[in-house]
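Student: dropping the sequence and predicted coords here.
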Protein chains: 2
Amino acid sequence: MSSSEPFDFQIDHIIEIIRKVQPEIIGLQFPEGFKRRGPAIASEISEATGVEIIISANPCYGACDLDIPILENVDLLFHFGHAQLDDNRYSDKVIFIETRSDADVKDVVLKGLEELQGKKVGLLTTVQHVHKLPEVREILEANGKVVAIGRGDSKIAYAGQVLGCNFSVADDLDCEEFLYIGSGGFHPLGVSLATGKRVLIADPFSKDVREVDPSLIMRQRSAAIAKSLDAESFGIIVSSKPGQYRMELARELKKLAEEKGKTAYILILDLITPDQMLQFKVDAFVSTACPRLAVDEVGRFSAPMLTPQEFEIVLGKREWEDMVFDEIRGD
Amino acid sequence: MSSSEPFDFQIDHIIEIIRKVQPEIIGLQFPEGFKRRGPAIASEISEATGVEIIISANPCYGACDLDIPILENVDLLFHFGHAQLDDNRYSDKVIFIETRSDADVKDVVLKGLEELQGKKVGLLTTVQHVHKLPEVREILEANGKVVAIGRGDSKIAYAGQVLGCNFSVADDLDCEEFLYIGSGGFHPLGVSLATGKRVLIADPFSKDVREVDPSLIMRQRSAAIAKSLDAESFGIIVSSKPGQYRMELARELKKLAEEKGKTAYILILDLITPDQMLQFKVDAFVSTACPRLAVDEVGRFSAPMLTPQEFEIVLGKREWEDMVFDEIRGD
């Protein structure tokens, strides 16, 4: 890892594996934020080993986006940027390169310390910083805090790791507030909604500390629910991506809708985009796919896009005050 | 088929099949132009039979876009708007509903007759009008023409039928010019380029007759080639869609590029869009996927998008005057 490179793509490790396993063809899959690096990384690996390389160009936002069709073309697939989910079906061919960051956390944690209000702190982070949690714990404990780190369910590779669709490490954790080490705002927001507790973000890149404020998102979600109250027809969306596929849930929601006298259609597709959903004239959509879809793309679809929990509120099966972010939980 | 409905979705036939086969769950897949009809057709079939229905929402532009993942969820899939390709792997589960049109052809063929210049006419059409070819032949023969209809290769279900990627029915046909029965301009353009012969379009919907003029497209294609002459790095795109998958061709093109001292990366994905390809910084793309991509989306990609034949021109392996549309041929 060079000093100018905040993420470790483990090129030497990959070259070592290739020399040992001697695959004829390998695949490389990158999440969107790393895709631009793909060609240069491919050239580096190819020059060092002579292996033939195919790059997956499909959109990729998580380990749930694992490129299955490419596996028919390659002997090994290196999937960058995510930890393995609990789906082991493809593990003989797929190697997860977690692209850890060596960004220093000390300064921002000390800054966060000043903002923490309670004694018991729950720690959260993404896979990029998960190896820094022992250091964070040490700093906090040296300053009189009691630190809790949740194990999470079967989808979670590392204690304290949150996914955009899984906040299980926060479940029943004995803490008054959370400290999240990372840059994005979505994960800590989800934990804030899931637990009702205060969440502080400590960003190791910008060195900023800020408190999660769920009020804007809650207003947007409430508006989506309110706009759907008179809806008569619903498109219930299922993704065929292995890590997002929830057909049983879609069936239950369709049945629930029909019991309430509504019309519902199950729509299955790989990649859900506002353009593609334009083709379907329904009063509202319900996404059982990536839980971030409804939140991140709010207002971009031709009809309100609800999460399953919000759909339950629309149908009167759940109270407004029990609104939470959707999650895809493991065992 | 109601009189206001120009296409036959064969709902009664589908209901009959469902009553006979008794599937628990069926899938419906529509090309983009018919997708809006999906929910109403689903309701009609569901009310008549009680069968559970899942609608494929993936983009669909041809029989090559057959939704494979949905097959794991359904007992039968009805795929609308296209004839079956020569790929029989899924034929135990997939029924192709060709959505024939009953649009009258007589008037527009008589109008076209006035514009035909030679004695020997080759007939072309899409699956929507293919059942009208005997009538077209009769009209032309009654007016002194000699009519030829090509059989085409293994990808072609019906004599005289052209696909957007297969003009094999025009191969070596004993005729001086072609008459194309249909609305779109792409298929007759491809035949014009492939054969160098005059192609007349007779549109049964608008009742217009017009002659194909390949000059604008040829200028656009020449510009794409010219812009790529200095390119050093190429992204060679392969689609994982079964009907568009040409990995071997991509490998050959990559090898050819490397022999000429260029850098080339093989990029594989399902759906190729200008947005998605933005992630890859190369000087030019080469698409081995749907041949229409380079032509229909010209100028929308971040770098010139070439067909395999155009890439050969760029590399000096093919003469400019041998420029043809790319095709995906059968046996």
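Tutor: Nice, I can see it. Only a predicted model underlies this, so the values are computations on that prediction, with no experimental measurement involved. Residues are numbered from 1 along each chain as shown, chains lettered A, B, ... in the order given.
Student: give me the buried positions along the helix or strand bottoming out on mean pLDDT in chain A.
Tutor: When the helices and strands of chain A are compared on mean pLDDT, DSSP states H and E, helix A:292-296 comes out lowest with a mean of 90. The neighbour-count check on helix A:292-296 (16 or more other Cβ atoms under 10 Å in any protein chain shown) flags A:292-295 as buried. Every residue, glycine included, has its C-beta placed from N, CA and C.
Student: same question for stretch A:123-132.
Tutor: A:123-130, A:132.
Student: try stretch A:217-230
Tutor: A:217, A:221, A:224-225, A:228.
Student: which strands and helices sit next to the helix or strand following the least confident helix or strand of chain A?
Tutor: Using DSSP states H and E, the helix or strand that follows helix A:292-296 in sequence is strand A:305-306. Judged by 3 or more Cβ pairs under 8 Å, 6 or more residues apart in numbering or on different chains; DSSP states H and E, strand A:305-306 is in contact with helix A:215-228, strand A:284-287, helix A:292-296.
Student: next, the angle helix A:215-228 makes with the helix or strand just after the longest one.
Tutor: Per DSSP H and E, helix A:215-228 leads on to strand A:233-239 as the next helix or strand towards the C-terminus. Put simply, strand A:233-239 runs at 130 degrees to helix A:215-228, going by axes from the mean of the first three to the mean of the last three Cα atoms, to 10 degrees.
Student: off-centre distance for strand A:233-239?
Tutor: Computed by Cα atoms, centre = their mean, to the nearest Å, the separation of strand A:233-239 from the middle of its chain amounts to 21 Å.
Student: and the following helix or strand past that strand, average pLDDT?
Tutor: Remark: after strand A:233-239, the chain's next helix or strand is helix A:247-259, criterion DSSP H and E. For helix A:247-259, mean pLDDT rounds to 97.
Student: which elements pack onto helix A:247-259?
Tutor: Contacts defined by 3+ Cβ pairs under 8 Å, 6+ apart place helix A:247-259 against strand A:233-239, strand A:263-269, helix A:308-314.
Student: picking up where we left off before, the helices and strands packed on strand A:305-306: which one's closest to chain B?
Tutor: Chain B lies closest, by Cβ to the nearest Cβ, to one member of the helices and strands packed on strand A:305-306: strand A:284-287, at 10.3 Å.
Student: pull that closest one out as PDB, backbone CA atoms only.
Tutor: Extracted C-alpha coordinates of strand A:284-287, given in PDB (Å, rounded to 0.1, in the frame of the first residue of the first chain):
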ATOM      1  CA  ALA A 284     -46.900   3.000  -5.600                       C
ATOM      2  CA  PHE A 285     -43.900   0.700  -5.600                       C
ATOM      3  CA  VAL A 286     -42.700  -1.500  -2.700                       C
ATOM      4  CA  SER A 287     -39.100  -2.600  -2.800                       C
END
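Student: flag every residue of the stretch 51-200 of chain A that's near chain B.
Tutor: Within the stretch 51-200 of chain A, the residues that sit near chain B (Cβ under 8 Å from any Cβ of the partner chain) are A:53-59, A:67, A:69-70, A:73.
Student: at 7 Å what do you get?
Tutor: Contacts of the stretch 51-200 of chain A with chain B, taken as Cβ under 7 Å from any Cβ of the partner chain, map to A:54-59, A:69-70, A:73.
Student: now neighbour count and secondary structure too, for those residues, in JSON lines please.
Tutor: Listed next are these as JSON lines, based on neighbours: other Cβ atoms under 10 Å in any protein chain shown; DSSP: H, G, I helix; E, B strand; the rest coil:
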{"residue": "A:54", "neighbour count": "26", "secondary structure": "strand"}
{"residue": "A:55", "neighbour count": "23", "secondary structure": "strand"}
{"residue": "A:56", "neighbour count": "28", "secondary structure": "strand"}
{"residue": "A:57", "neighbour count": "29", "secondary structure": "coil"}
{"residue": "A:58", "neighbour count": "22", "secondary structure": "coil"}
{"residue": "A:59", "neighbour count": "20", "secondary structure": "coil"}
{"residue": "A:69", "neighbour count": "18", "secondary structure": "helix"}
{"residue": "A:70", "neighbour count": "24", "secondary structure": "helix"}
{"residue": "A:73", "neighbour count": "20", "secondary structure": "coil"}
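Student: wait, which of these is closest to residue A:38?
Tutor: Nearest to residue A:38 among those: residue A:55, at 4.9 Å, using Cβ to Cβ.
Student: residue B:264 is in contact with the closest one, correct?
Tutor: No - here residue A:55 lies out of contact with residue B:264, judged by Cβ atoms under 7 Å, at a distance of 11.1 Å.
Student: what is in contact with those two at once?
Tutor: Common neighbours of residue A:55 and residue B:264, using Cβ atoms under 7 Å, 6 or more residues apart in numbering or on different chains, do not exist here.
Student: where does chain A have low pLDDT?
Tutor: Where chain A drops to pLDDT under 70, the residues are A:1-5.
Student: center of it - which residue?
Tutor: residue A:164 (2.7 Å; Cα atoms, centre = their mean).
Student: re earlier: which elements pack onto the least confident helix or strand of chain A?
Tutor: If contacts are counted by 3 or more Cβ pairs under 7 Å, 6 or more residues apart in numbering or on different chains; DSSP states H and E, helix A:292-296 sits against strand A:305-306.
Student: and the contacts of the strand it packs on?
Tutor: A:224-225, A:228, A:284-287, A:293-294, A:297, A:314.
Student: farthest pair within the residues you listed?
Tutor: Of all pairs in these, the most separated under Cβ to Cβ is A:297 and A:314 at 18.5 Å.
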